[in-house]
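**Q** what's the 3D shape of this:
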Amino acid sequence: MNRYILTVSYDGTDFCGWQVQPNGRTVQAEMNEAVFKAFGERAVVKASGRTDAGVHARAQLCQVDLNAQIDGEKLADALNARLPEDISVLQSESVPLQSVDIQNIVKAKTYRYYMYFSKRKKPIYERFSTWIKGEPEVEKMRAAAKILTGEHDFKAYCASGSQVKTTVRRVYSINVEILPAPPDAQIVYIEVYGNGFLYNMVRTIAGTILWYSQGKLTEEDLYATLQGDRGKAGKTMPAKGLVLYSVGYGLKPENDCVE
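**A** Residues are numbered from 1 along each chain as shown. Sure thing, here's the model as predicted:
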């Protein structure tokens, strides 16, 4: 048996998320099928974490175990020849079977939430970002981001019904950046880098930062959310603006995180 690590990018628009489901197209199902077509093996491609319906990935970390032996770098091309246009394996490598498991080596993840500000909706931006009417208040967004950075109980940012051992997470940084764009629109992204995320956490962080910048929430409201008050948090933003940007990992426990 041989183990391979894959870096996978996908447009999540037409998927019901990463994980295989009885009904609905998923990224994992397409990956599994590509492996079968290439090698005749019913192997399961595992990801560093699940993404929800409509969420995109610039660089998702995956692994697959195969009886087939192939040059690690060439596996990407073998799979890409059999994958649909909205999925691509960017990089592949072979790793020691027993010493590497993506469930253990992932140290942190970076998500970006994209939104565009304009007077009217712009279809050209709609697939990968969310329309916000008006002008962005970037400095106010950065002020809110500073309050939410750090180790906190993010219970107020987790979708109801989620079953996790703890809702405490460490957010190493939240950056708000504005991108060059045509004069009729301004594109802003909120980048959240942390050691782990709850269901809908990043999308709710983005909504809370946006609402604060619009004057819908106060500084006291933000601190109240960190005490578990969901009623003080902003809305959960649409999935289409969310991108799993990178996964930090180390092949040995003592290694630093690398992108």
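**Q** quick one: the helices in the stretch 51-200 of the chain?
**A** Taking DSSP state H, counting those that start in this stretch, the helices of the stretch 51-200 of the chain run over residues 72-80, 102-105, 138-148.
**Q** mind telling me which of those the model trusts least?
**A** Ranked by mean pLDDT, the helices of the stretch 51-200 of the chain end with helix 102-105 in last place, scoring a mean of 80.
**Q** list the buried residues for it?
**A** Taking 16 or more other Cβ atoms under 10 Å as the neighbour-count basis, helix 102-105 is seen to contain the buried residues Ile102, Ile105. From N, CA and C alone the C-beta is placed, and that goes for glycine too.
**Q** which strands or helices does that helix pack on?
**A** Using 3 or more Cβ pairs under 8 Å, 6 or more residues apart in numbering; DSSP states H and E, the elements in contact with helix 102-105 are strand 46-47, strand 56-66.
**Q** related to what we said a few turns ago, of the helices of the stretch 51-200 of the chain, which is nearest Thr7?
**A** If you check each of the helices of the stretch 51-200 of the chain against Thr7 by Cβ to Cβ, helix 72-80 wins as the nearest, at 8.4 Å.
**Q** hey, C-alpha coordinates of that closest one in CSV?
**A** Extracted C-alpha coordinates of helix 72-80, given in CSV (Å, rounded to 0.1, in the frame of the first residue of the first chain):
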residue,chain,number,x,y,z
GLY,A,72,4.2,10.9,-6.6
GLU,A,73,4.5,14.0,-8.8
LYS,A,74,2.8,12.3,-11.7
LEU,A,75,-0.3,11.3,-9.7
ALA,A,76,-1.7,14.8,-10.1
ASP,A,77,-1.7,14.5,-13.9
ALA,A,78,-3.2,11.1,-13.8
LEU,A,79,-6.2,12.3,-11.7
ASN,A,80,-6.6,15.6,-13.5
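**Q** what's the offset of it from the middle of its chain?
**A** Centroid separation between helix 72-80 and its chain, computed with Cα atoms, centre = their mean, to the nearest Å, is 23 Å.
**Q** so which bits of it are buried?
**A** The neighbour-count criterion (16+ other Cβ under 10 Å) identifies Gly72, Leu75, Ala76, Ala78, Leu79 as the buried residues of helix 72-80.
**Q** distance from the lowest-mean-pLDDT helix or strand in the chain to the middle of the chain?
**A** In the chain, no helix or strand scores lower on mean pLDDT, DSSP states H and E than helix 102-105, which sits at a mean of 80. Between the centre of helix 102-105 and the centre of its chain there are 16 Å (Cα atoms, centre = their mean).
**Q** for the buried residues of helix 72-80, which one is nearest Asp101?
**A** Compare each of those with Asp101 using Cβ to Cβ and the shortest gap goes to Gly72, at 16.4 Å.
**Q** could I get the contacting residues of the nearest residue to the closest one once chain neighbours are set aside?
**A** Excluding the flanking residues, the one nearest Gly72 by Cβ to Cβ, 6 or more residues apart in numbering is Ser94, at 3.4 Å. With contacts defined as Cβ atoms under 8 Å, 6 or more residues apart in numbering, Ser94 is in contact with Asn2, Arg3, Tyr4, Ile5, Asp71, Gly72, Leu75.
**Q** in PyMOL, select just the buried ones from those.
**A** For the buried members of the contacts of Ser94, the matching PyMOL selection, counting by 16+ other Cβ under 10 Å, is:
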select buried, resi 2+3+4+5+72+75
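**Q** want to throw the buried residues of helix 72-80 into a markdown table with distance to Tyr172?
**A** As requested, the buried residues of helix 72-80 are exported to a markdown table (distance: Cβ to Cβ, whole Å):
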| residue | distance to Tyr172 |
| --- | --- |
| Gly72 | 30 |
| Leu75 | 32 |
| Ala76 | 30 |
| Ala78 | 36 |
| Leu79 | 32 |
